[in-house]
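# Following is a predicted model, sequence given first.
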Amino acid sequence: QVQLVESGGGLVQPGGSLRLSCAASRSIFSDNRMGWYRQAPGKQRELVAGITRGGTTNYADSVKGRFTISREKDKKTVYLQMDNLKPEDTAVYFCNLHFMMSAYDYWGQGTQVTVSS
């Protein structure tokens with residue numbers, strides 16, 4: 001079992017920045033990808049960004065150039081730096097841990113990000 005604990009959400013004005021953090025409860029040695037998904041009211045959950053254990057990243061087109069995902073050397077903690085935030089970025093953001101071999105997913109509890117003036 002792995003618990004994912006998120007932090008860093010909040011209210012920010014358009015153009016502002018936030019940094020989300022997600023810490024796994026234990027070291028993970030299997031091939032995996034950690035990432036962030038988001039879900040706005042009335043919409044499906046969507047991938048925002050992901051990073052593999054080896055450091056390969058991928059981003060949704062809507063956040064490219066504005067969001068940056070990174071991972072600590074211990075591979076247990078992942079960050080999402082969000083710059084130039086827009087009202088359409090408003091959503092609940094969920095941390096995800098995906099194991100490649102089993103295709104099993106763990107999820108965090110979610111953190112609210114609201115972009116509004």
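Ah, there it is. Residues are numbered from 1 along each chain as shown.

# Who is the residue nearest to the spatial centre of the chain paired with across the strands?
Per C-alpha atoms, centre = their mean, the C-alpha nearest to the average position across the chain is that of residue 36, at 2.3 Å. The bridge-partner assignment for residue 36, based on DSSP bridges, gives residue 49, residue 95.

# Distance of it relative to residue 62?
Relative to residue 62, residue 36 is positioned 13 Å away (criterion: C-beta to C-beta, to the nearest Å). For the C-beta atoms, the positions are set from N, CA and C on the backbone; glycine is no exception.

# What of residue 113?
Here the distance between residue 113 and residue 62 works out to 14 Å (C-beta to C-beta).

# what's the distance between residue 104 and residue 115?
Counting by C-beta to C-beta - residue 104 and residue 115 are separated by 32 Å.

# Give me the more crowded residue out of the two.
Shown here are residue 104 and residue 115; by other C-beta atoms under 10 Å, residue 115 has more neighbours (20 against 12).

# In contact with the more buried one, which residues?
Residue 115 makes contact with 11, 12, 13, 14, 16, 85, 86, 87, 88, 89, 90 under the criterion C-beta atoms under 8 Å, 6 or more residues apart in numbering.
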